[in-house]
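>>> Need coordinates for the following:
(chains A and B)
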Amino acid sequence: MPVRVQTEDFDLSREVAQLRAAQGPRAAQIGGIATFIGTVRDINDGSGVSSLTLEHYPGMTEKALENIVTQAHGRWDIFDALVIHRVGILHPQDQIVLVVTLGAHRGEAFAACEFIMDYLKTQAPFWKKEATPQGERWVEARASDDTAAAKWGTAASNDANKGGK
Amino acid sequence: MAIKVLYFAGLREALGVSSESMELPVGITTVGDLRTLLAARGGKWAEQLAPTRNVRMAVIQLMVPAHAPVKDGDEVAFFPPVTGG
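Residues are numbered from 1 along each chain as shown, chains lettered A, B, ... in the order given. The predicted structure is shown next:
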């Protein structure tokens, strides 16, 4: 279950090809590959965004992502998953995050991919700072991300005062 | 032995410190105790770590609730809710 945190951009086709190749003979059992790419928008909360700086907690980030992927494996019968998350300075339209899941069928591939993204949003230690015409500002966590994570049925709140872990 | 305390993102900026080492004071057994102790420094510490603030905590690089134990040698971190993805 490869997990990478990097400043460099990534190439979807190359990453999917490498992940499939890494499965060896069982690659022929894969019938569904789900991919998600998160990208930088040029507007957020009503302000233009000229750039985004992504900070993370080295060491913990990788552990958190590996833990999320492990949980996905526990819930769905997927062959493998890949998570790449970029850090550093990014600009509108840049790619931020890639999730790839390999399943025998589309159902588990889609579900695991969405689960990994929902959990990543509330459980992986990344923080975005936006540059706007009004100056720099840290992005606020969204309640909707908590709602999205909650639908998977375990405590994964981003709100420390709600006892999320 | 001491503990290492890390601060990230907006909290790091507001406190003006990214990490510090400290002897684990007698009587501090949970990460919530440690937060209360740090808030008692007053000023920006009291403001940023006030109980009403949504501050997330990690011990040995694992997110934990306030009642999680802290022991000598641990790496502890305080940070705002995460906003990756």
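>>> From now on I want contacts and neighbour counts done on CA atoms only, so please keep to that.
Noted.
>>> Mind checking what helix or strand follows whichever helix in chain B runs longest in sequence?
Counting residues, the longest helix found in chain B (DSSP state H) is helix B:31-39. Note on helix B:31-39: by DSSP states H and E, the next helix or strand toward the C-terminus is helix B:43-48.
>>> Any part of that next one near chain A?
No - shown here: helix B:43-48 not in contact with chain A (Cα under 8 Å from any Cα of the partner chain), separated by at least 13.8 Å.
>>> now for that helix, which elements pack on it?
If you count contacts as 3 or more Cα pairs under 8 Å, 6 or more residues apart in numbering or on different chains; DSSP states H and E, helix B:43-48 packs onto helix B:9-15, helix B:31-39.
>>> so after that helix, what's the next helix or strand?
strand B:56-59.
>>> who wins for proximity to chain A among the helices and strands packed on helix B:43-48?
helix B:9-15 (6.3 Å; Cα to the nearest Cα).
>>> what's the spacing between stretch A:136-152 and its chain's center?
13 Å (Cα atoms, centre = their mean, to the nearest Å).
>>> Show me which residues of it are buried.
A:138-139, A:141, A:145-146, A:148-150 (16 or more other Cα atoms under 10 Å in any protein chain shown).
>>> Next: stretch B:73-83.
Neighbour-count burial for stretch B:73-83 [16+ other Cα under 10 Å]: B:74-83.
>>> Same list, the residues you listed, but as CSV with distance to B:M1 please.
As requested, the buried residues of stretch B:73-83 are exported to CSV (distance: Cα to Cα, whole Å):
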residue, distance to B:M1
B:D74, 9
B:E75, 12
B:V76, 14
B:A77, 17
B:F78, 20
B:F79, 24
B:P80, 27
B:P81, 29
B:V82, 30
B:T83, 33
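>>> on that earlier part again, can you flag which of the buried residues of stretch A:136-152 belong to helices?
Short answer: those in helices (DSSP H) are A:145-146, A:148-150.
>>> that older thread, tell me which two of the buried residues of stretch A:136-152 sit farthest apart.
A:W138 and A:A150 (23.8 Å; Cα to Cα).
>>> Format the buried residues of stretch A:136-152 as a markdown table; extra columns: pLDDT.
Output for the buried residues of stretch A:136-152, formatted as a markdown table (pLDDT from 0 to 100):
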| residue | pLDDT |
| --- | --- |
| A:W138 | 97 |
| A:V139 | 95 |
| A:A141 | 90 |
| A:D145 | 91 |
| A:D146 | 89 |
| A:A148 | 89 |
| A:A149 | 90 |
| A:A150 | 90 |
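>>> of those residues, closest to chain B?
Looking across the buried residues of stretch A:136-152 and measuring by Cα to the nearest Cα, the closest to chain B is A:A141, at 5.6 Å.
>>> which ones are touching that closest one?
A:158, B:81-83 (Cα atoms under 8 Å, 6 or more residues apart in numbering or on different chains).
>>> now A:P2
A:81-83.
>>> which of those residues are buried?
A:81-83.
>>> Point out the ones among these that are inside strands.
A:81-83 (DSSP state E).
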